[in-house]
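In: sequence and predicted structure below; questions after.
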Amino acid sequence: MAKPWKTIESITTDEGVLELRQRDDRDFLITVGGQVLMNSMANRSEVVLGELGCKQLKNHPAPRVLVGGLGMGYTLKAALDSLPKMAQVVVAELNPVVLKWCQGPLAPLTDCAANDPRVSVEIANVADLIRRAAKAVPTERYDAIIFDLYKGPHHRTDARNDPLYGSRAIGLAREALKDKGVFAIWGENYDDGFVKQLRTAGFKVSSQRPGRGGLRHVVFISEK
């Protein structure tokens, strides 16, 4: 019989109560409003997202990477494992308690990736950081932008004005990337309309559905 879940901490947010739950040493859930956002025992797509987003940077002398969403830190850990020692990784996370969890009870899951010396975490909306980089000089742009957000693109997304996945936002992401940069996005399901928008913006796009059987999320890889 499975152990019952124990609530480690909960806070009120605009989207409902955000909770961290645990029932074994490495078995955690993050929920909001009772909906499961992340499960430490099901992280294959997040790991692949980080790997594919950064694999082309392994031999880069000093790449700059932006990760949108910290979550449990699996995407960040996979990205760091693919990056050289001189990389700089900026993580945009909306809620400071998530950073606290990744530096505390969740840290053993990722060898404390959030405290890696290559990492700086900004409590901010990733869209704001992209907008800033799009207006910056080329050296301050990114070699990769990775979206590990719990709400991915879907057919109900506003094709033009969505702040993360609309055509305007995609255009800004492209401007925020250096030449040959990669925009990697996690999605719950494949969305043909989103792929068309990426291609219209000037990206070369491919996708993967990691794992076998069960619920297989999507990783979109867009190359500038």
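Out: Received, thanks.
In: for Lys6, see how far away the residue nearest to the spatial centre of the chain is.
Out: Nearest to the mean C-alpha position of the chain, counting by CA atoms, centre = their mean, stands Asp148 at 1.9 Å. Remark: distance between Asp148 and Lys6 (CB to CB, to the nearest Å) = 25 Å. Glycine gets a C-beta too; all of them are placed from N, C-alpha and C.
In: before we move on, what about Leu20?
Out: 10 Å.
In: so between these two, which is more surrounded?
Out: Leu20 (23 against 10; other CB atoms under 10 Å).
In: hmm, the residue nearest to the centre of the chain is touching Glu46, no?
Out: Yes - the criterion here is CB atoms under 8 Å, and Asp148 meets it with Glu46 at 6.0 Å.
In: overlap in contacts, the two.
Out: Residues touching both Asp148 and Glu46 (CB atoms under 8 Å, 6 or more residues apart in numbering): 71, 75, 186.
In: return the member of these nearest to Ser206.
Out: Of all the shared contacts of Asp148 and Glu46, Trp186 has the smallest distance to Ser206: 14.4 Å, by CB to CB.
In: surely Thr13 meets Thr31?
Out: No - Thr13 is not in contact with Thr31 according to CB under 8 Å; the separation is 11.3 Å.
In: between those two, tell me which one has more neighbours.
Out: Between Thr13 and Thr31, counted using other CB under 10 Å, the more crowded position is Thr31 (19 against 13).
In: hey, what's the more buried one bridged with?
Out: Applying DSSP bridges to Thr31 gives these bridge partners: Glu19, Val36.
In: tell me the pLDDT at it?
Out: Predicted confidence (pLDDT) for Thr31: 96.
In: tabulate the CA atom coordinates of the least confident helix or strand in the chain by mean pLDDT in CSV.
Out: In the chain, no helix or strand scores lower on mean pLDDT, DSSP states H and E than strand 35-39, which sits at a mean of 93. Taking C-alpha atoms only, strand 35-39 is exported to CSV below (Å, rounded to 0.1, in the frame of the first residue of the first chain):
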residue,chain,number,x,y,z
GLN,A,35,-4.0,20.1,-9.7
VAL,A,36,-0.7,18.2,-10.0
LEU,A,37,1.9,20.4,-11.7
MET,A,38,5.0,18.3,-11.2
ASN,A,39,5.8,14.7,-10.1
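In: give me the angle between the helix of greatest length in the chain and strand 35-39.
Out: Secondary structure assigned by DSSP state H gives helix 44-54 as the longest helix of the chain. Inter-element angle recorded for helix 44-54 and strand 35-39: 60 degrees (by axes from the mean of the first three to the mean of the last three CA atoms, to 10 degrees).
In: thank you kindly, that will do.
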